[in-house]
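Asker: the sequence and its predicted three-dimensional model are supplied below.
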Amino acid sequence: MRNCAVYRKSRAGLERIWHAAYLRTVNSKRETMKSISHTKAFKMDFPIAELFPLFSPEGEKQWVPGWDYENVMGKAELSEDYVFLTKTHDHGTVDAIWIVKKYDPKSHFVQFYKIEPEDKVGVVTVKCTELEASKTKIRVTYKYLALSTDGEEFIAGFNESAYEEFIGEWQKLLSNYFESEG
């Protein structure tokens, strides 16, 4: 029953949450930052066909130490509207509901809603581009919108420098993964 309740958090419902939080941000007279967005791209000397699948719940288990998820869909194959849960993940998350917003494996594009109830809502976007047969560009965007004071505090500290360090860790972990596989 819990799985059905999580899945009912429809895309339309998430759009309403996002829009309501956005309106609170726009209409707020406080000067605290309410939303933030960062994008960073990096290149890796590995084929796109090996890299892109790693940006999925099952894929992340392979290269992010300690990363795991709860599969509420009963299948591991990624698709739009796929739902999964995480605990104690990146950016101070305790519990998060993830929903695949867009998934286009042919163009190597995936986008997730990351909902941290009563804290913040995020949109995580990963786009891989083949540069050469064994060279791939990975472009990652994290956009967060605060839903509470805790979310606002997170956003205030999630500056460009913190994001650069975070994505630098992605690149390091991916390199380590491929080195250990080789």
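Answerer: That came through fine.
Asker: can you give me how far the strand or helix carrying Glu165 is from the chain middle?
Answerer: Per DSSP states H and E: Glu165 is located in helix 160-181. Relative to its chain's centre, helix 160-181 lies at 15 Å (CA atoms, centre = their mean, to the nearest Å).
Asker: what helices and strands are in contact with that helix?
Answerer: The contact analysis (3 or more CB pairs under 8 Å, 6 or more residues apart in numbering; DSSP states H and E) places helix 160-181 against strand 35-44, helix 57-63, strand 135-146. Glycine gets a C-beta too; all of them are placed from N, C-alpha and C.
Asker: let's have the ones you listed in JSON lines, adding mean neighbour count, distance to Lys75 and mean pLDDT.
Answerer: Below are the helices and strands packed on helix 160-181 laid out as JSON lines (neighbours: other CB atoms under 10 Å; distance: least, CB to CB, whole Å; pLDDT from 0 to 100):
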{"stretch": "strand 35-44", "mean neighbour count": "16", "distance to Lys75": "28", "mean pLDDT": "97"}
{"stretch": "helix 57-63", "mean neighbour count": "17", "distance to Lys75": "10", "mean pLDDT": "95"}
{"stretch": "strand 135-146", "mean neighbour count": "19", "distance to Lys75": "25", "mean pLDDT": "97"}
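Asker: so which of the ones you listed is nearest Ala162?
Answerer: Ranking the helices and strands packed on helix 160-181 by proximity to Ala162 (CB to CB) places strand 35-44 first, at 8.6 Å.
Asker: helices and strands around the very next helix or strand once past that closest one, which ones?
Answerer: Per DSSP H and E, the first helix or strand lying C-terminal to strand 35-44 is helix 48-51. Packing contacts for helix 48-51, counted by 3+ CB pairs under 8 Å, 6+ apart, involve strand 120-132, strand 135-146.
Asker: okay then, goodbye and thanks.
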